[in-house]
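A.B. asks: no sequence on this one, just coordinates:
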Ligand SMILES: Cc1cc2nc3c(=O)[nH]c(=O)nc-3n(C[C@H](O)[C@H](O)[C@H](O)COP(=O)(O)O)c2cc1C
């Protein structure tokens, strides 16, 4: 097969990212962009982000997860700690997160270190989830090979039966990670491929060094 996609070409012209409009702290710029994208542009699941880890096999692997909270400290998502990504993070906590908000012509790339959040925070979030999602988290040994779909459905209906009228507690293999950023790059598409790229690098004194990168 040989399909030429050379004619797929889009011009970017909606917004700009100038030094005059950035904040000293990248989390504040993240908050501003997130809010703008969420309110001014048609984006479904603004909080969907790509998480890349370095696997036990030495290959990078990326997959989408949902950002559930962010603070000055970092970006929080929830998952199964025994999943492929969980095992990868255990071995190498250096990860990359990225957002691509197509309709805003914006990309954000975050390098950082992932660590498990406090158990009581994971408990709190687990409690807030609908029962179906709580049971789903318990049923799924995420990333394991399973014989077929029926296997999961039977497991779920057995669990539903055994948890009838009972509180569902968070299993210890499921919880949140916070990715604490060391580098955040904001990319804004501009005409003629002269895109704006502003990179924040965390310094030893915890200040952020700000540079403009060539597109
Ligand atoms: C839009 C979207 C949101 C997702 N959100 C999550 C999430 O928040 N947590 C999660 O563990 N998996 C989420 N997934 C599934 C992951 O992409 C992935 O399939 C799963 O976590 C297993 O990854 P792993 O085997 O590499 O560990 C999401 C997938 C999509 C497409």
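C.D. replies: Noted; the coordinates are in hand. Model, not experiment: these values are computed from the prediction.
A.B. asks: how much space separates the residue nearest to the spatial centre of the chain from residue 29?
C.D. replies: The residue lying closest to the centre of the chain (Cα atoms, centre = their mean) is residue 49, at 3.7 Å. Between residue 49 and residue 29 the distance is 16 Å, computed by Cβ to Cβ, to the nearest Å. For the C-beta atoms, the positions are set from N, CA and C on the backbone; glycine is no exception.
A.B. asks: one more: residue 159?
C.D. replies: In this view, residue 159 and residue 29 are 43 Å apart by Cβ to Cβ.
A.B. asks: if we can go back for a sec, contact partners for the residue nearest to the centre of the chain?
C.D. replies: Contacts of residue 49 were listed using Cβ atoms under 8 Å, 6 or more residues apart in numbering, and they are 64, 65, 66, 67, 75, 77, 97, 98, 99.
A.B. asks: returning to that earlier point: which of residue 159 and residue 29 has more neighbours?
C.D. replies: residue 29 (20 against 16; other Cβ atoms under 10 Å).
A.B. asks: burial check on the closest residue to that one other than its chain neighbours, number of neighbours?
C.D. replies: Nearest residue to residue 29, sequence neighbours excluded (Cβ to Cβ, 6 or more residues apart in numbering): residue 23, at 5.0 Å. Residues lying near residue 23 (other Cβ under 10 Å) number 14.
A.B. asks: what does this structure have sitting close to the ligand?
C.D. replies: 45, 48, 61, 63-66, 77-79, 83-85, 142-143 (Cβ under 6 Å from any ligand atom).
A.B. asks: and the pLDDT for residue 165?
C.D. replies: Residue-level confidence at residue 165 comes out at 89, pLDDT.
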